[in-house]
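Student: A structural model of the following input is requested.
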Amino acid sequence: MKEKIKERKKQIIIFMVIMITIILFFSGFSMGKGINRKDINGKTEVAKPILQVENGSSIEINNTNKIGTYEFKVKNYNEQEEITQVDLEYYIEILNNLENTGITLKLFKNDQEIETKENKTEKFRISKNEKVEDNYKLEITYDENKNINMENIVEQLQIKVHSEQMQEVL
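Tutor: This is a model prediction of the structure:
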């Protein structure tokens with residue numbers, strides 16, 4: 001009889017353990033199970049790169065006026081005085097077909113002559129922290145001894161400013 005009582009208690013304990021396990025399983029609570037959710041909202045805008053090229057007035061070079069100076073500006077702000085929001089790097093390219101034409105070119109940045117290699121300048125960096133205005137002068141000289149028709153030459157001269165946004169290191 002004692003063995004039946006012990007057997008009966010054992011069955012009740014096993015049944016209770018199974019029932020508690022089933023209740024915990026279906027209740028969604030268990031040791032080690034947890035769901036955590038965080039919503040992160042942010043408001044961002046794309047940075048504005050500003051590089052303005054302000055063109056000067058056109059010049060005329062002919063047999064009587066053999067030297068001309070074309071002036072232009074490169075700056076990191078616009079008409080509304082907004083400064084660029086990123087650092088920029090730029091270079092100037094002079095497109096021409098002036099070989100054997102009697103035309104020579106000299107480029108000046110802020111009144112200092114700068115070299116060009118393959119009609120391109122070195123790269124210049126403009127910071128986002130302050131207003132910068134670089135003044136350029138392109139001095140064009142015509143040698144009349146080359147006997148070239150000026151009309152075919154002057155129209156072939158173009159100035160391009162190529163810029164690139166610099167990557168910020170965080």
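
Student: next up, the contacts around the spatially most central residue of the chain.
Tutor: By C-alpha atoms, centre = their mean, the chain has its centre lying nearest to Gln165, at 2.3 Å. Applying C-beta atoms under 8 Å, 6 or more residues apart in numbering to Gln165 gives the contacts 47, 49, 86-88. Placement of C-beta: from N, CA and C, glycine included.

Student: PyMOL command to pick out the buried ones of the residues you listed?
Tutor: The buried residues among the contacts of Gln165 can be selected in PyMOL (16 or more other C-beta atoms under 10 Å) with this line:
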select buried, resi 49+86+87+88
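
Student: columns distance to Lys137 on top of the contacts of Gln165, output as JSON lines?
Tutor: Listed next are the contacts of Gln165 as JSON lines, based on distance: C-beta to C-beta, whole Å:
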{"residue": "Ala47", "distance to Lys137": "31"}
{"residue": "Pro49", "distance to Lys137": "25"}
{"residue": "Val86", "distance to Lys137": "28"}
{"residue": "Asp87", "distance to Lys137": "25"}
{"residue": "Leu88", "distance to Lys137": "22"}
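
Student: the contacts of Gln165 in strands, which ones?
Tutor: Under the assignment DSSP state E, these contribute Leu88 to strands.

Student: hang on, the earlier thing: show me the beta-bridge partners of the residue nearest to the centre of the chain.
Tutor: Beta-bridge partners for Gln165, by DSSP bridges, are Leu88.

Student: quick one: it from Pro49, how far?
Tutor: Distance, Gln165 to Pro49, using C-beta to C-beta, to the nearest Å: 5 Å.
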